[in-house]
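Enquirer: sequence first, then the predicted structure:
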Amino acid sequence: MNGEAAPSSPEIPRLAEHLFRQEAGKMISALTGIFGIHRLQLAEDVVQESLIRALQTWPYYGVPANPAAWLMQTAKNRALDLLRREKSFHEKQDEIAATLERMPEDGPQFDDEIRDHRLRLIFTCCHPQIPHDDRTLLALKTLCGFGIPEIASAFLASEAAVAKRLTRAKQKIQDQQIPYEIPAGNELAERMDAVLQVIYLLFNEGYKASSGDALVRADLCEEAIRLAGHLAEHPRTDAPRVHALAALMLFNASRLPARESPEGELLTLERQDRTRWDRQKIARGMLHLAHATRGDSLSEYHLQAGIAACHATAPDDASTDWPRILAHYDHWVAQSRSPLVALNRAVALAKVQGPEAALEAIAAIPDRRLLESYHLYHAVLGDLALRLGREHEAADHFRQAIRQTPVETERAFLTEKLNGCVGAGESVTR
């Protein structure tokens, strides 16, 4: 252990997971750069193995002084062990060894390139030859350390379907010999939509974790904001929709300190202590929102940032400009066919016109069946039914929502809601 102060054994899995989240994308990026994009699966495998190795050895030998470097060196060694068994490797062994020797800590940086390792690889994964949705899945899995269950939750898809699409995307890279390259010029701009989607999904997973005990993963939110900031500052990617996304994430992130009570309870907007909101983030969000108004384009990120700004600038819940928020949702629904957007619009509609109007709007959502597996769909229906005094119906919806969320904080919040219906003779455990 070389005298380092090591965390206790129970803390090591959490430390390893945190490091893996932070470093996996960089490690896979570096290894793929050395061994080739056709060895993407190998890069993923050895990075995973380095984490397993850490979990096996750190409890006994202590956490190394530079755990990220330890993980990288372990992954490189494992990759070389595997590749030495391949006949074709011997022809390139000297070249690869020289590359490993020359590889700097932070990689090459040029003014005209995206400076950040992970951003550059996100652009690579978002190659036009890979189907649009599969690019996002691949980037989230490979670069952001997302597990298949997390991705399945974000896309309202089954884990089997996500696994199949990931395999297909990797096979596409290999079959098409898609180059590992940093895009430039128009090609960089063409991949922007997929890149922004990846960054926003990364933020959303941090803002509301899809699994585990913690509701919030602030490190994921900060990473997403950092990546968007890089894009906003880069001369080739400095676009209004990039600033709109940055503003949206900053507004939402400003509320993170107030989303949970000291006891770890989930607090909705109306129950949050707004003095705990991060005013610096709100101010930065306003600057990005001002930059986002350049040009004539109005992206979904503009509309979402407008909604978030209404919340961020309201001094209290009663002052929230719900008619303006509903107007933003009306524009958004006109742009998007997502049933999730329509569901969120119904929540705003309930604030302006009441729960009956919201239930009618939900009943009219096209593809509403896609929401059946989404726990917040049932939570919204439960809230609306409760406001109408239909406690038995509300209780059924809350029970369904509880069954569908794996996040303990949300389960506790929904159980409290269900308990509010128990006065009608409902049983929490039914």
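Expert: Thanks, I have it.

Enquirer: contacts and neighbour counts: CA atoms only from here.
Expert: Fine.

Enquirer: just the CA atoms of whichever strand or helix holds residue 69, as CSV, please.
Expert: Using DSSP states H and E, residue 69 sits within helix 67-83. What follows is helix 67-83, C-alpha atoms only, in CSV (Å, rounded to 0.1, in the frame of the first residue of the first chain):
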residue,chain,number,x,y,z
PRO,A,67,-5.8,5.1,-8.6
ALA,A,68,-6.7,6.4,-12.0
ALA,A,69,-3.2,5.8,-13.3
TRP,A,70,-3.3,2.3,-11.7
LEU,A,71,-6.5,1.5,-13.5
MET,A,72,-5.1,2.7,-16.8
GLN,A,73,-1.8,0.8,-16.4
THR,A,74,-3.7,-2.4,-15.4
ALA,A,75,-5.9,-2.1,-18.5
LYS,A,76,-3.0,-1.5,-20.8
ASN,A,77,-1.1,-4.5,-19.4
ARG,A,78,-4.1,-6.7,-19.8
ALA,A,79,-4.7,-5.5,-23.4
LEU,A,80,-1.1,-6.3,-24.3
ASP,A,81,-1.3,-9.7,-22.7
LEU,A,82,-4.3,-10.5,-24.9
LEU,A,83,-2.9,-9.0,-28.1
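
Enquirer: what are the buried residues along it?
Expert: 68, 70, 71, 72, 74, 75, 76, 78, 79, 80, 83 (16 or more other CA atoms under 10 Å).

Enquirer: go on, stretch 39-49?
Expert: Going by 16+ other CA under 10 Å, stretch 39-49 has these buried residues: 39, 40, 41, 42, 43, 44, 46, 47, 48, 49.

Enquirer: nearest to residue 24 among the residues you listed?
Expert: Set against residue 24, the nearest of the buried residues of stretch 39-49 by CA to CA is residue 47 (6.6 Å).

Enquirer: which ones are touching that closest one?
Expert: 24, 27, 28, 71, 72, 75 (CA atoms under 8 Å, 6 or more residues apart in numbering).

Enquirer: which of those residues lies closest to residue 315?
Expert: Within the contacts of residue 47, proximity to residue 315 (CA to CA) peaks at residue 24, which comes in at 40.6 Å.

Enquirer: pLDDT averaged over the longest helix belonging to the chain - what is it?
Expert: Ranked by residue count under DSSP state H, the longest helix found in the chain is helix 12-35. Over the span of helix 12-35, the pLDDT mean works out to 75.

Enquirer: helices or strands next to it in the packing?
Expert: helix 40-61, helix 67-83, helix 89-102, helix 117-125, helix 132-143 (3 or more CA pairs under 8 Å, 6 or more residues apart in numbering; DSSP states H and E).

Enquirer: lowest average pLDDT across those?
Expert: Across the helices and strands packed on helix 12-35, helix 89-102 has the smallest mean pLDDT, namely a mean of 61.

Enquirer: now residue 162. Nearest residue, chain neighbours left out?
Expert: residue 152 (6.1 Å; CA to CA, 6 or more residues apart in numbering).

Enquirer: the one you found: which element?
Expert: Using DSSP H and E, residue 152 maps to helix 148-154.

Enquirer: and that helix, what's its mean pLDDT?
Expert: The pLDDT scores in helix 148-154 average 77.

Enquirer: quick revisit: buried ones in the longest helix of the chain?
Expert: For helix 12-35, burial by neighbour count (16+ other CA under 10 Å) applies to 12-13, 16, 20-35.

Enquirer: do stretch 294-310 as well
Expert: 298-310.

Enquirer: check which helix or strand residue 169 maps to.
Expert: helix 159-176.

Enquirer: again, but for residue 365
Expert: Short version, using DSSP H and E: residue 365 is in no helix or strand.

Enquirer: and it, what does it touch?
Expert: Contacts of residue 365 were listed using CA under 8 Å, 6+ apart, and they are 339, 342, 343.

Enquirer: out of these, which is nearest to residue 266?
Expert: Nearest member of the contacts of residue 365 to residue 266, counting by CA to CA, is residue 343, at 20.6 Å.

Enquirer: done for today, thanks.
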